[in-house]
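Asker: what follows is a predicted structure for the sequence shown.
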Protein chains: 2
Amino acid sequence: MDAERQKRLEARARILKAVGNASRLLILEELAQGEKCVADLTKAVGSDISTVSKHLSLLKSVGLVRDEKRGNQVFYTLLAPCVLNFFDCVESVLEARVQHQIEMMG
Amino acid sequence: MDAERQKRLEARARILKAVGNASRLLILEELAQGEKCVADLTKAVGSDISTVSKHLSLLKSVGLVRDEKRGNQVFYTLLAPCVLNFFDCVESVLEARVQHQIEMMG
DNA sequence: CTCCTATTTGCAATATTGGCCAAATTCCCA
DNA sequence: TGGGAATTTGGCCAATATTGCAAATAGGAG
């Protein structure tokens, strides 16, 4: 595979990989409702705050969210709401899988 | 986070994770042109055929592709072309990132 | 300045992934 | 039945990812 294509695919993969994690998906869902601070997101996710902070920093590094410090808290905002459209496609894949499993049983 | 939501998010994450890898993205792009056998995909990807076979089996396990044995070769088909729509969103994120970097420099 | 709160960073432990090689499997053809 | 080609599977290793704890940092209030 040529190097140019390789680079392009790796750039894409980096973003998609960021979305391929349950905790980060939860964070994105929460942020879809509007900006949230790290503490709020930590409550929602249920892991250590340092873990959540790292997830956020990853999402930020790929450009999916933005952070803004106000007082001593940091608020995160969803930058690419289009990622939420992924989910329709993903759901359709899940449903097709279930359908397929039912057929296999019959 | 409640267990139901957790499960739903993990199911989604599994699918998205499958897409978050450069080799697998390449495979999906190739399959977007029509069905291909493992050997053809191996040529395109450039890793060992056993590696490509494992990528394919992962893509199949999450329901993104289907396989069909004909003779002694196995042909893979893209089942969820909607994943290709992800890429527009991903591209927009990439471009926004570049834009942001330019602003930072100015 | 000092304390308190919110967040990030460094570190170590553990888990997962991606890759290759070798062996097993499957199917065709003689 | 035996051999050869295509693919999958198992084993193993290196690289990467995920997590929590503890320490560092940044900001606001007194």
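Answerer: All right, it came through fine.

Asker: residue A:15: what secondary structure?
Answerer: What DSSP: H, G, I helix; E, B strand; the rest coil gives for residue A:15 is helix.

Asker: and the residue positioned nearest the centre of chain A, how far is that from residue A:58?
Answerer: Nearest to the mean C-alpha position of chain A, by Cα atoms, centre = their mean, lies residue A:19 at 3.4 Å. Residue A:19 sits 10 Å away from residue A:58, going by Cβ to Cβ, to the nearest Å. The C-beta positions use only the backbone N, C-alpha and C, and glycine is treated the same way.

Asker: so residue A:65 makes contact with residue A:75?
Answerer: No. Using Cβ atoms under 8 Å as the test, residue A:65 is too far from residue A:75 to be in contact (10.1 Å).

Asker: more neighbours, the two?
Answerer: For the pair residue A:65 and residue A:75, the greater number of neighbours falls to residue A:65 (23 against 17), based on other Cβ atoms under 10 Å in any protein chain shown.

Asker: and residue A:85, how many neighbours does it have?
Answerer: What residue A:85 shows, counting by other Cβ under 10 Å, is a neighbour count of 15.

Asker: could you do the one 10 residues further on as well?
Answerer: Burial measure for residue A:95: 11 neighbouring residues, criterion other Cβ under 10 Å.

Asker: can you confirm whether the longest helix seen in chain A lies near chain B?
Answerer: If you go by DSSP state H, chain A has its longest helix at helix A:83-105. Yes. If you take Cβ under 8 Å from any Cβ of the partner chain as the test, helix A:83-105 does meet chain B, through A:83, A:85-94, A:96-97, A:100.

Asker: could you identify the most distant pair in those residues?
Answerer: Greatest spatial distance among the residues of helix A:83-105 next to chain B (Cβ to Cβ): A:83 and A:100, at 26.1 Å.

Asker: so between the two, which is more surrounded?
Answerer: residue A:83 (24 against 12).

Asker: I'd say that one and residue A:28 touch.
Answerer: Yes. Using Cβ under 8 Å, residue A:83 is in contact with residue A:28, at 6.4 Å.
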